[in-house]
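# next one to model:
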Amino acid sequence: MVQTAKTCEKGFTLIEVLVAIVILSFISIASFSFMTNAYENETRSIARIKALQLAFSCSEYLQSLDFDAISENSCDFLEVDNTFRKFNISFNINILQKDVIPNEVKLVDVIVKWNLYGKNNEYVLKMLVNNDV
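Model prediction:
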């Protein structure tokens, strides 16, 4: 009786290891792309929130001023911590005003502008200011 030796193979072949590495590479590239997009979207959201805070702070300040004291430079003193995530973003506040009813009601636009990732952004807050004589 002739006995044949059974060969027991344990472990993975080279092809199986290479296929596993390729699959893991695709998964890691996809997750890295997702994380990069999430990071950029969160940074955009933080910049927009800071712009909203500036616009509302400016509008509150304008409402506390006398009717005739409102000017284009009224909110120049407002500053925001504009350095986050290695970005140095400058926020510009413009104030446009138009008389709706002369010497009684003004339409004031508080415009906050900033640039992030090479794209210009702006937020416009419109408000009516009444002359309480």
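
# contacts, neighbours, all on C-alpha from now
Will do.

# okay, now Leu62: neighbour count?
Burial of Leu62, expressed as a neighbour count using other CA atoms under 10 Å, amounts to 21.

# quick one: residues in contact with stretch 66-84.
With CA atoms under 8 Å, 6 or more residues apart in numbering as the test, stretch 66-84 has contacts from 50, 54, 58, 61-62, 88-91, 93-96, 129-132.

# quick check: next helix or strand after the helix or strand bottoming out on mean pLDDT in the chain?
Every helix and strand in the chain was compared by mean pLDDT, DSSP states H and E; the lowest is strand 83-84, with a mean of 72. Using DSSP states H and E, the helix or strand that follows strand 83-84 in sequence is strand 87-88.

# now that next one: how far from the chain's centre is it?
12 Å (CA atoms, centre = their mean, to the nearest Å).

# average model confidence for the helix or strand following it?
Next along the chain after strand 87-88, taking DSSP H and E as the criterion, comes strand 92-101. For strand 92-101, the mean per-residue pLDDT is 87.

# any idea what sits nearest the most centrally placed residue in the chain, other than its immediate chain neighbours?
In the chain, the centroid-proximal residue (CA atoms, centre = their mean) is Arg44; its distance is 1.6 Å. Residue nearest to Arg44 in three dimensions, not counting chain neighbours: Leu116, with 7.3 Å by CA to CA, 6 or more residues apart in numbering.

# quick check: that neighbour touching Ile89?
Yes. The pair Leu116 and Ile89 passes the contact test of CA atoms under 8 Å, sitting 7.0 Å apart.

# Val105 versus Asn130, what's the distance?
5 Å (CA to CA, to the nearest Å).

# one step back: enumerate the beta-bridge partners assigned to the residue nearest to Arg44.
Beta bridges link Leu116 to Lys119 when assigned by DSSP bridges.

# give me the neighbour count for it.
15.

# equivalent analysis for Asn94, please.
19.

# now swap in Val129 and tell me
22.

# now do the one 3 residues further on
Here the neighbour count serves as a burial measure; for Asp132 (other CA under 10 Å) it reads 8.
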